[in-house]
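**Student:** What would the 3D arrangement of this be:
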Amino acid sequence: MKTIAFALRTMGVGSLLVLATNASASGYHFGVQSVSAQGVANSAGAAAQDATTIFYNPAGMTYLPGTNVSGALIVVDPHIKPENVSATTAAGRPISGSDAGDPTSPVVVPQAYISHQINDQAWVGLGMFVPFGDAIEYDSNWVGRYNGNTLDMMTIALNPTFAYKFNEQFSVGAGVTVQYMKATFKKRADFGTQAGATVVGGRPLAASNPKLVAGTGEYDGELDYEGDDWAFGFNLGGMWQVDPSLRIGAAYRSSISQSLEGDANWTRPSTLGLGALDSTVIGGLALKGYRSGEGTVDVDTPDSFSLNFYKTINEQLAFMGDWTYTRHSKFKELRLKFDTGLPDAVIEQDWKNTSRYSLGATYKVNDPLLLRFGLAYDQSPVPSEAERIAALPDNNRIWYSIGANYAFSKNMSVDVAYTYVDIQDANMNNKECSAANGCTGSGTTTKANFKSYANILGAQLNYRF
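**Tutor:** Numbering: from 1, shown residues only. From the prediction side, this is the model:
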């Protein structure tokens with residue numbers, strides 16, 4: 001028990017709340033839960049090479065004698081460049097504004113795992129990792145500001161696990177996932193167009209101040225939402241040692257239903273250029289519900305199923321592969337519920353289920369040095385440009401990965417990995433929901449082309465007691 005306590009301290013769990021980015025994996029998956037697996041483009045589900053198997057397949061712990069600890073830092077450097085950005089108001093007028101700026105920046109994410117062998121048949125483990133996340137922030141006055149300015153989604157998961165070895169061929173594993181999610185979302189609101197369409201004395205207020213509907217953003221407000229939640233899920237896994245050279249694995253990770261509760265704050269314009277009518281119209285916005293209150297967002301993270309293999313050719317060379325099917329179709333819409341009387345703010349998504357295909361190889365150069373290579377194709381769940389939003393400009397991607405493991409001793413080794421993520425160019429032609437459709441929004445249409453890629457660097461320390 002002393003060794004377990006020491007190992008938990010070395011996991012460095014003090015820095016749990018981190019921001020992730022959607023540029024590394026499809027949807028809002030973070031994409032890297034192990035540096036050793038990163039080196040083979042996440043094809044290592046059946047390799048069971050270190051304690052990070054807890055994430056990919058908990059049954060893999062039965063191939064790890066003693067107590068094993070793995071701790072890692074992953075640096076994701078995403079690049080998202082919006083081009084040809086244009087937008088129109090609900091009234092069809094062009095929207096003016098600044099460039100998008102640089103919406104992404106590098107993030108550093110920790111991961112940590114420990115497995116412990118109880119006896120010849122039973123193992124326990126604990127994982128700490130980031131399963132999902134998104135971090136993107138555009139210039140506050142950019143042309144697409146009504147589609148979204150800022151989205152910060154961060155998650156942290158704790159995953160205690162148990163594995164049982166029936167015999168030399170078959171083993172199973174299971175775990176419970178305790179997940180914390182926190183999200184911040186900001187967007188501008190086109191109160192100018194809304195006020196300009198308001199009829200007073202038989203005529204719209206835009207006749208009194210044409211600048212209300214000019215699309216300049218002079219009379220913008222802002223929505224600032226922040227909420228969080230704890231929730232629970234589970235994962236299952238099985239391993240089949242077909243023969244001494246071939247191992248097959250299967251794993252399932254459940255969906256987790258989160259209900260994020262927090263503050264939904266509205267900022268209204270201080271003036272609408274209407275003179276004596278200003279206070280009446282701006283006060284009317286507050287009466288409609290455009291005031292600070294509480295908001296709730298329900299998020300069902302996708303469940304996934306994986307099949308994988310690990311095949312040794314000789315003492316130097318091994319091949320591995322993975323197919324992961326993810327049920328992104330659970331994400332039908334992003335709906336923010338207000339307690340101030342406003343209709344819900346709704347972003348239609350209608351995501352589709354996806355597959356990720358990965359292949360990898362390892363080559364042992366000599367006793368201390370092992371090289372890794374990997375290639376993966378990861379489908380995007382976004383069905384069309386109409387559902388693509390500025391906060392998640394997702395598309396299909398290819399992973400090109402290399403990595404290495406260097407053993408300093410029989411008990412300690414270090415993994416390093418680099419991945420270049422080539423993301424297919426994406427188009428957006430998204431219309432925001434509005435009061436005309438029974439929900440809260442500016443009713444604007446935003447168009448853009450996105451060019452994206454990402455660099456991922458990882459380093460991982462492994463130690464066996």
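
**Student:** for Y138, what are its contacts?
**Tutor:** P82, A100, G101, P103, G144, R145, G148, N149, T150, A390 (CB atoms under 8 Å, 6 or more residues apart in numbering). Any C-beta I mention is one placed from the backbone N, CA and C, and that applies to glycine too.

**Student:** meant to ask about P103, not that
**Tutor:** Contacts of P103 (CB under 8 Å, 6+ apart): I80, P82, I136, E137, Y138.

**Student:** Then it would be within a helix, right?
**Tutor:** No: judged by DSSP: H, G, I helix; E, B strand; the rest coil, P103 forms no part of a helix; its state is coil.

**Student:** Which two of the contacts of P103 have the greatest separation?
**Tutor:** P82 and E137 (12.5 Å; CB to CB).

**Student:** the more surrounded of these two?
**Tutor:** More crowded of P82 and E137, by other CB atoms under 10 Å: P82, with 23 against 19.

**Student:** how about that one, phi and psi?
**Tutor:** Dihedral pair for P82: phi -80, psi 140, per degrees, to the nearest 10.

**Student:** That one and A390 touch, don't they?
**Tutor:** Yes: between P82 and A390 a contact is recorded at 7.3 Å, counting by CB atoms under 8 Å.

**Student:** Quick check: neighbours shared by those two?
**Tutor:** Y138, G144, A448.

**Student:** Contact partners for the second one?
**Tutor:** Pointing back at G144 there. Contacts of G144 (CB under 8 Å, 6+ apart): P82, V85, A87, G97, A100, Y138, A390, T446, A448.

**Student:** could you check the distance from it over to R188?
**Tutor:** Using CB to CB, to the nearest Å, G144 is found at 9 Å from R188.

**Student:** Give me the buried positions along stretch 134-146.
**Tutor:** 134-146 (16 or more other CB atoms under 10 Å).

**Student:** same thing with stretch 384-396?
**Tutor:** E387, R388, I389, A390, A391, L392, P393, D394, N395.

**Student:** How about stretch 106-122?
**Tutor:** Buried, per 16+ other CB under 10 Å, within stretch 106-122: V107, V109, P110, Q111, A112, Y113, I114, S115, H116, Q117.

**Student:** so of the residues you listed, which ones are in strands?
**Tutor:** V107, V109, P110, Q111, A112, Y113, I114, S115, H116, Q117 (DSSP state E).

**Student:** which residues does the third one bridge with?
**Tutor:** With DSSP bridges applied, P110 shows beta-bridge pairing to L73.

**Student:** Test for you: state the pLDDT assigned to V18.
**Tutor:** pLDDT, V18: 37.

**Student:** I meant to write G196 there.
**Tutor:** 89.

**Student:** Could you do the one 4 residues further on as well?
**Tutor:** Per-residue pLDDT puts V200 at 85.

**Student:** In contact with the residue lying closest to it once chain neighbours are set aside, which residues?
**Tutor:** Distances taken as CB to CB, 6 or more residues apart in numbering put L277 closest to V200, at 6.7 Å, once the chain neighbours are dropped. Residues in contact with L277 (CB under 8 Å, 6+ apart) are V200, L205, S208.

**Student:** go on, A48?
**Tutor:** N57, G60, M61, T62, Y63, L64, M239, R247, G249, Y310.

**Student:** Specify the residue positioned farthest from the middle of the protein.
**Tutor:** Taking CA atoms, centre = their mean, the residue of the chain most remote from its mean C-alpha position is G201, at 49.8 Å.

**Student:** which is the next helix or strand following the longest helix seen in the chain?
**Tutor:** The single longest helix within the chain, with elements called by DSSP state H, is helix 278-288. Helices and strands here follow DSSP states H and E; after helix 278-288, the next one along the chain is strand 293-300.

**Student:** Report the buried residues of the helix or strand following that following strand.
**Tutor:** Downstream of strand 293-300, the first helix or strand assigned by DSSP H and E is strand 304-312. Residues of strand 304-312 classed as buried by neighbour count (16+ other CB under 10 Å): S304, S306, N308, F309, Y310, K311.

**Student:** Looking at those residues, spot the one nearest S36.
**Tutor:** So of these, ranked by how close each gets to S36 (CB to CB), first place is Y310, at 12.6 Å.

**Student:** In contact with the spatially closest residue to the closest one that is not a sequence neighbour, which residues?
**Tutor:** Sequence neighbours aside, A46 is the residue nearest to Y310 in space, at 4.0 Å (criterion: CB to CB, 6+ apart). A46 makes contact with N57, G60, M239, R247, I248, G249, N308, F309, Y310, M320, D322, according to CB under 8 Å, 6+ apart.

**Student:** How about P368?
**Tutor:** Y406, A407, F408.

**Student:** run the last query once more with 10 Å
**Tutor:** The neighbours of P368, taking CB atoms under 10 Å, 6 or more residues apart in numbering as the test, are N405, Y406, A407, F408, S409, S413.

**Student:** neighbours around the third one, how many?
**Tutor:** This points to A407. 15.

**Student:** The last one now?
**Tutor:** If you count neighbours by other CB under 10 Å, S413 ends up with 21.

**Student:** What's the mean pLDDT across the helix or strand it falls within?
**Tutor:** Applying DSSP H and E as the criterion places S413 in strand 412-431. Taken as a whole, strand 412-431 has a mean pLDDT of 96.

**Student:** Which strands and helices lie in contact with that strand?
**Tutor:** Secondary-structure packing of strand 412-431 (3 or more CB pairs under 10 Å, 6 or more residues apart in numbering; DSSP states H and E): helix 35-38, strand 67-88, strand 345-348, strand 369-378, strand 397-407, strand 445-464.

**Student:** quick one: buried residues of the helix or strand hosting A361?
**Tutor:** In this structure, A361 sits in strand 354-364 according to DSSP H and E. Within strand 354-364, the residues scored as buried using 16+ other CB under 10 Å are T354, R356, S358, L359, G360, A361, T362.

**Student:** The strand holding S413 to strand 369-378, inter-axis angle?
**Tutor:** Counting by axes from the mean of the first three to the mean of the last three CA atoms, to 10 degrees, strand 412-431 lies at 20 degrees to strand 369-378.

**Student:** Give the partner strands of strand 412-431 in its sheet and their orientations.
**Tutor:** strand 397-407 (antiparallel), strand 445-464 (antiparallel).

**Student:** tilt between that strand and strand 67-88?
**Tutor:** Using the same axes, to 10 degrees, strand 412-431 lies at 20 degrees relative to strand 67-88.

**Student:** about what we covered before: which residues are common contacts for G144 and R188?
**Tutor:** Common neighbours of G144 and R188 (CB under 10 Å, 6+ apart) are I95, G97, T444.

**Student:** which of these are buried?
**Tutor:** Counted by 16+ other CB under 10 Å, the shared contacts of G144 and R188 give I95, G97, T444 as buried.

**Student:** Roughly how far does the last one sit from R93?
**Tutor:** In this view, T444 and R93 are 10 Å apart by CB to CB.
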